[in-house]
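Colleague: pasted the sequence and its predicted model underneath.
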Amino acid sequence: MDGNGRRFALRPVLAVHMDGNDVSTPRCAAVDNPCKTSAVAGTVTGMTDQPGDLDVRRPFTRADAVAAGIDPRLLRGKRFRRIFKGVYISAEAAPSPLHRVEAAVILHPPGAFASHVSAARVYDVPVPHFADEHVTVFSEKDRRRRAGIRCHVAPRTARTGRFKGIRVSLPIPMFIELASILSLVDLVVVGDALVRRRAFTPEQLVRACRESRDRHARSALRAASLVRDGVDSPMETRLRLLLVLAGLPEPEVNHLVVDAHGRVVRRFDLSYPEHKLIVEYDGRQHAEDPDQYTSDIYRREQLDDWGWRIVVVTAKGIFRRPEETLQRVRDALRARGAAGIPHQLDDGWRHHFPVQQPVRRSA
């Protein structure tokens, strides 16, 4: 999604990089407007008699500044902000996580690219916060040491592209890279988000992970096998995985209910259609929006008329009371006549969903 709620599709177009040469680049396209990267050609006036063109609203190196005729002493003044040692940006540029990613990349020789969580930031997929940026190069001699940057070396066959003007790992290689630092659940969240944006299909992801010789491919494959199409949010991914990792049947994603004319009248994020059971994640914003709250009441009355039962789960039921959530869903499945529901839940979920204790505020 972009800032206006539009959904982006990551579509490969001709132009990929292999070992520094262009061969297919994922291009960002909004549903109603292609995603374009355009730099404001900002020249800094009053620095030299004839400054060269330099887009100072994007990261640039000290060498770039000198080549553009900017006095290096001015970089230490109020007009510029230092991102890393030797990389600067105009103090007037609005702060953006991508500035730090781009700054980390341009510190390295041509061919370097954003990878791991830095690539995820470029693609704007949900990942936990990591302080360091990740950059990958093709040769050990191209590594640069800076505080706040982790540098990796990729084989010459690694494929990259450009997205938002930044050279970056392609989506599937990035997914495998992330297997080295993300948990299983967080990695599936990334996979679900990329499938929703049409970067790849679950089947393509599984096949690529199975064929990969990367040392983290096995972990990536396990996560890929749990990636599904049509997932709307990270919390829906987490709720689904909580149920699956506890040994409960996997709910169907995005089940559609149609009327006698074939028109879609309801869509359930997670459900067991054969048992007419819905498991729904409910964010706090629903309760805080009076109109949405009223709509939900009418909707649940309609579901009662149709013979459906709904189990509503909030964030607390995932992060602080996951076992209670599992018992509620298990009991509901049994009450609806589902066969093969285990009496004892698999403890495998506990490693992936540690209970978060509430923060106690001092008086």
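Modeller: Yes, it's here.

Colleague: so which residue is dead centre in this structure?
Modeller: residue 125 (1.9 Å; C-alpha atoms, centre = their mean).

Colleague: so that one makes contact with residue 192?
Modeller: No - the criterion here is C-beta atoms under 8 Å, and residue 125 misses it with residue 192 at 9.4 Å. Yep, even glycine has a C-beta here, placed from its N, CA and C like the rest.

Colleague: might one say that residue 353 is in contact with residue 321?
Modeller: No - with contact defined as C-beta under 8 Å, residue 353 does not reach residue 321; the gap is 10.3 Å.

Colleague: residue 60 is in contact with residue 102, correct?
Modeller: No - between residue 102 and residue 60 there is no contact under C-beta under 8 Å: 9.6 Å.

Colleague: give me the distance from the helix or strand containing residue 168 to the chain's centre.
Modeller: Using DSSP states H and E, residue 168 falls within strand 166-169. Strand 166-169 has its C-alpha centroid displaced from the chain centroid by 15 Å (C-alpha atoms, centre = their mean, to the nearest Å).

Colleague: next structured bit after that strand?
Modeller: Counting by DSSP H and E, the element after strand 166-169 in chain order, helix or strand, is helix 171-178.

Colleague: who are the packing partners of that next one?
Modeller: Helix 171-178 is packed against helix 116-123, helix 184-196, helix 202-211, helix 217-224, with contacts defined by 3 or more C-beta pairs under 8 Å, 6 or more residues apart in numbering; DSSP states H and E.

Colleague: buried deepest among these, which one?
Modeller: Highest mean neighbour count among the helices and strands packed on helix 171-178 (mean count of other C-beta atoms under 10 Å): helix 116-123, with a mean of 26.

Colleague: the helix or strand just after it pairs with which strands?
Modeller: Following helix 116-123 in sequence order, the next helix or strand is strand 133-137 (DSSP H and E). Sheet pairing here is set by DSSP bridges, and for strand 133-137 it gives strand 113-114 (antiparallel), strand 149-153 (parallel).

Colleague: for the ones you listed, which one sits closest to residue 301?
Modeller: The minimum distance between residue 301 and the strands paired with strand 133-137 falls on strand 113-114, with 49.5 Å, by C-beta to C-beta.

Colleague: where's that closest one relative to the chain centroid, distance-wise?
Modeller: The answer for strand 113-114 is 16 Å, by C-alpha atoms, centre = their mean.

Colleague: what lies in contact with it?
Modeller: Residues outside strand 113-114 that contact it (C-beta atoms under 8 Å, 6 or more residues apart in numbering) are 17, 101-102, 104-105, 119, 121-122, 133-136, 160, 166-169.

Colleague: helices or strands next to the strand holding residue 168 in the packing?
Modeller: helix 97-106, strand 113-114, helix 116-123, strand 159-163.

Colleague: would JSON lines of these with mean pLDDT be doable?
Modeller: JSON lines is the format used below for the helices and strands packed on strand 166-169 (pLDDT from 0 to 100):
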{"stretch": "helix 97-106", "mean pLDDT": "97"}
{"stretch": "strand 113-114", "mean pLDDT": "98"}
{"stretch": "helix 116-123", "mean pLDDT": "98"}
{"stretch": "strand 159-163", "mean pLDDT": "94"}
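
Colleague: any chance of these in CSV, plus distance to residue 184?
Modeller: What follows is those, written out as CSV (distance: least, C-beta to C-beta, whole Å):
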stretch, distance to residue 184
helix 97-106, 25
strand 113-114, 23
helix 116-123, 16
strand 159-163, 25
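
Colleague: list the residues that contact the residue nearest to residue 116 when sequence neighbours are not counted.
Modeller: Distances taken as C-beta to C-beta, 6 or more residues apart in numbering place residue 134 nearest to residue 116, at 3.6 Å, with adjacent residues excluded. For residue 134, the contact set (C-beta under 8 Å, 6+ apart) comprises 104, 114, 115, 116, 117, 118, 119, 149, 150, 151, 152, 177.

Colleague: related to what we said a few turns ago, more neighbours: residue 353 and residue 321, which one.
Modeller: residue 353 (20 against 16; other C-beta atoms under 10 Å).

Colleague: I'd like the distance between residue 127 and residue 98.
Modeller: 14 Å (C-beta to C-beta, to the nearest Å).

Colleague: which stretches of the stretch 1-150 of the chain form strands?
Modeller: Using DSSP state E, counting those that start in this stretch, the strands of the stretch 1-150 of the chain run over residues 8-13, 17-18, 21-22, 25-30, 60-61, 80-84, 87-90, 113-114, 133-137, 149-153.

Colleague: test my guess that residue 169 contacts residue 121.
Modeller: No - the pair residue 169 and residue 121 fails to qualify as a contact (C-beta under 8 Å) at a distance of 11.7 Å.
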